[in-house]
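Undergrad: need coordinates for the following:
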Amino acid sequence: MRCYFFSLLIFFPTAIQAGLDADREQIEHRIKPVGNVTIEENATAFVTTTKPTTTSATGQSTYERHCVACHQTGVAGAPKFRDEASWKPRLANADINALVASAIKGKNAMPPKGTCQECSDSDIKAAIDYMVAKK
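TA: Coordinates of the predicted model:
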């Protein structure tokens, strides 16, 4: 009996420790990082941003990224893309600069700058120029 008791004292803690180690390994596997970050000395070489240089390209890209959701179908009374009937009342009462100013400040259901908070005033103007019906 004594031998059985001593063997339990020796082997039981070892079995418990082995089970705890297996649990620890599973936990460490589940929470391990997905990837590594390496910082190069010349990190600025990778940071380049380019903006389109022409007004039509800037206007088109701004429209396609930020304005199309509402102005494609006329959501909440937004003037539709290149629809003369939608834009005529707005242009009759004001010039293009007034439209730009109200787009920057926001009007009716449109929040200030629409959905393009990072756009400059010239980006907004280029997008409006692109959206207005061509004559």
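
Undergrad: show me the domain layout of the protein.
TA: Following automatic domain parsing, one gets these domains for the chain: 2-46, 55-131.

Undergrad: quick one, which of those domains is packed in tightest?
TA: Most buried of the domains of the chain by mean neighbour count (mean count of other Cβ atoms under 10 Å) is domain 55-131; its value is a mean of 16. (Glycine included, C-beta is placed from N, CA and C.)

Undergrad: before we move on, the earlier item: need the domains of the chain in CSV with mean pLDDT, can you?
TA: As requested, these are exported to CSV (pLDDT from 0 to 100):
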stretch, mean pLDDT
domain 2-46, 68
domain 55-131, 85
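
Undergrad: quick one: the residue nearest to G106 when sequence neighbours are not counted and T38, what's the gap?
TA: Distances taken as Cβ to Cβ, 6 or more residues apart in numbering place P112 nearest to G106, at 3.9 Å, with adjacent residues excluded. Going from P112 to T38 by Cβ to Cβ, to the nearest Å gives 40 Å.

Undergrad: what of I104?
TA: From I104 to T38 the distance is 41 Å (Cβ to Cβ).

Undergrad: now swap in R65 and tell me
TA: Distance, R65 to T38, using Cβ to Cβ: 31 Å.

Undergrad: one more: Q26?
TA: 28 Å.

Undergrad: once you drop chain neighbours, what's closest to G74?
TA: Sequence neighbours aside, K80 is the residue nearest to G74 in space, at 4.5 Å (criterion: Cβ to Cβ, 6+ apart).

Undergrad: who touches that neighbour in this structure?
TA: H71, Q72, T73, G74, S86 (Cβ atoms under 8 Å, 6 or more residues apart in numbering).

Undergrad: name all residues that make contact with the closest residue in space to T115 that isn't next to it in sequence.
TA: Leaving aside its chain neighbours, T115 sits nearest to H66 (4.8 Å; criterion: Cβ to Cβ, 6+ apart). Applying Cβ under 8 Å, 6+ apart, we find H66 in contact with G114, T115, C116, C119, A127.
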